[in-house]
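Peer 1: Just a sequence and a predicted model for now, questions to come.
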There are 2 protein chains.
Amino acid sequence: MQKNYEEIIKKVGLRVTPSRLAVLRTLHALNCPIDVQQIEDHLQQQGQTADKVTIYRILEKYEQLGIVKTVFLKEDKLRYELNDEHHHHLVCNNCGSIQAIHGSWLEAAEKYIENQYKFAVSEHTLEFFGMCARCK
Amino acid sequence: MQKNYEEIIKKVGLRVTPSRLAVLRTLHALNCPIDVQQIEDHLQQQGQTADKVTIYRILEKYEQLGIVKTVFLKEDKLRYELNDEHHHHLVCNNCGSIQAIHGSWLEAAEKYIENQYKFAVSEHTLEFFGMCARCK
DNA sequence: TTGACATATGCAAGTAAGTTGCATATAATA
DNA sequence: TATTATATGCAACTTACTTGCATATGTCAA
C-alpha cells in the first residue's frame, strides 16, 4: 500500500480528517491485527485523541472501501489490519504473538469449490493456532 | 461420532442430564453450525427447556472436552457444531446458507509452517464466503 | 477567502452476546 | 436412601459494538 494516506483517503471519496489519517498511520505503524482499544491508545500517544465511536465508524468505512480487513482470532473482539497483500497469521496460544505468513494454499481449493459446488468464492478466512518457536 | 449420547457424555466425565442430552441431540439433528438461540428454540420444540446460561455452560464444557467446535462466520455471535470429521464451510453472503465441505488443503501448508517457522500448528480456522449456486 | 452544505465527530444512551455469583436442584455413589 | 459433588436457573453484570442527535469541520464553489 502506498504511504500517502491523504491520497488513499481522497481516492475512496472520504474527507481527510486528523482521525482518519491517524488511524491509517497507526495500522501501518503497528503492522499487525490490532483491536480498537489499541488504536485508541496509540492515537493518544500520538497526541491525536479520538472517541471509540469515531474509531469504529472509521474502521467500518475503511472496511467497506477495502482499505482495512477484520480479523477474528478467537477472542471476544475483532482486530483490524491494513488490507495489503493477502496473508494469514500464526497465533500462539501461549504468548499471544501474531506472526504474518504469506502463501496461497487455497487457489486449488477455490477452483475445486467453484467446479464441484458452483459456489463463487469471494473471500476466505484462514488462521493458524498453535505454539510459536519461542514458547516451545 | 457415535449416536449414543449418554455414552459420549459419560466418557468425558460429565454427568448425564436432560439438557446435556438435548443439546447433543440438537447439534446432531440440525447438523450445521448453529447459535445459542437456535439451540434454545430447538430444545423448547422438543419439550426440553433450558436457560441460555445453561446452554452456554454446556457448550463451554463440550468445547473444552473436544465434543463441540465453535465457528465464527463474521457475525456478532458464535456458532457451534459437533466436532466430527474435520471440514470447512461455504457461507453464502446472499442467502446465508451454510454448506459443509471436506478437503485437506492445508496439510502441506502446516508442514511448511512447522519447518519454516518452527511453529507447531495445533488447529486452524478456514471458512469460505461467496455466492452459492442457487443465488447466482 | 469566505460561505454553504454535506459529512465527521463526540457524547450519551442503547443493544445484545456472553459471563458470574449464588441459592437450589439433581445425578452419581456408596 | 442418604450424601455430596456437580448442574441448573435466576438476576445482575460485563463489554464490544451500535444508534441518535447536536455540534464541529472538511470541501467546494462563488
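Peer 2: Good, I have the coordinates.
Peer 1: bridging residues for the residue most central in space within chain A?
Peer 2: What sits nearest the mean C-alpha location of chain A, by C-alpha atoms, centre = their mean, is residue A:81, with 2.0 Å. Residue A:81 has these beta-bridge partners by DSSP bridges: residue A:69.
Peer 1: who touches it in this structure?
Peer 2: A:27, A:31, A:32, A:33, A:34, A:68, A:69, A:71 (C-beta atoms under 8 Å, 6 or more residues apart in numbering or on different chains). The way it works is simple: take the backbone N, C-alpha and C, and place the C-beta from them, glycine included.
Peer 1: residues contacting the last one?
Peer 2: Right, the one you point to is residue A:71. A:33, A:78, A:79, A:80, A:81, A:89, A:127.
Peer 1: Compare these and tell me which has the most neighbours.
Peer 2: residue A:80 (24 neighbours; other C-beta atoms under 10 Å in any protein chain shown).
Peer 1: what sits against it?
Peer 2: Shown in contact with residue A:80 (C-beta under 8 Å, 6+ apart): A:27, A:33-36, A:39, A:59, A:62-63, A:68-71.
Peer 1: Which among these count as buried?
Peer 2: Buried members of the contacts of residue A:80, counted by 16 or more other C-beta atoms under 10 Å in any protein chain shown: A:27, A:33, A:34, A:35, A:36, A:39, A:59, A:62, A:68, A:69, A:71.
Peer 1: Using a markdown table, lay out these together with secondary structure and distance to residue B:55.
Peer 2: Converted to a markdown table, the buried ones among the contacts of residue A:80 look like this (DSSP: H, G, I helix; E, B strand; the rest coil; distance: C-beta to C-beta, whole Å):
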| residue | secondary structure | distance to residue B:55 |
| --- | --- | --- |
| A:27 | helix | 37 |
| A:33 | coil | 30 |
| A:34 | strand | 32 |
| A:35 | coil | 27 |
| A:36 | helix | 29 |
| A:39 | helix | 34 |
| A:59 | helix | 31 |
| A:62 | helix | 36 |
| A:68 | strand | 34 |
| A:69 | strand | 32 |
| A:71 | strand | 27 |
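Peer 1: Take these and write them to a markdown table, including pLDDT and distance to residue B:96.
Peer 2: A markdown table is the format used below for the buried ones among the contacts of residue A:80 (pLDDT from 0 to 100; distance: C-beta to C-beta, whole Å):
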| residue | pLDDT | distance to residue B:96 |
| --- | --- | --- |
| A:27 | 98 | 30 |
| A:33 | 98 | 26 |
| A:34 | 98 | 29 |
| A:35 | 98 | 27 |
| A:36 | 98 | 26 |
| A:39 | 98 | 30 |
| A:59 | 98 | 24 |
| A:62 | 98 | 25 |
| A:68 | 98 | 24 |
| A:69 | 98 | 21 |
| A:71 | 98 | 22 |
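Peer 1: residues in contact with the helix or strand in which residue A:91 is found?
Peer 2: Using DSSP states H and E, residue A:91 sits in strand A:88-92. Residues outside strand A:88-92 that contact it (C-beta under 8 Å, 6+ apart): A:33, A:71, A:73-74, A:97-103, A:126-132, A:134-135, B:113, B:117, B:119, B:121.
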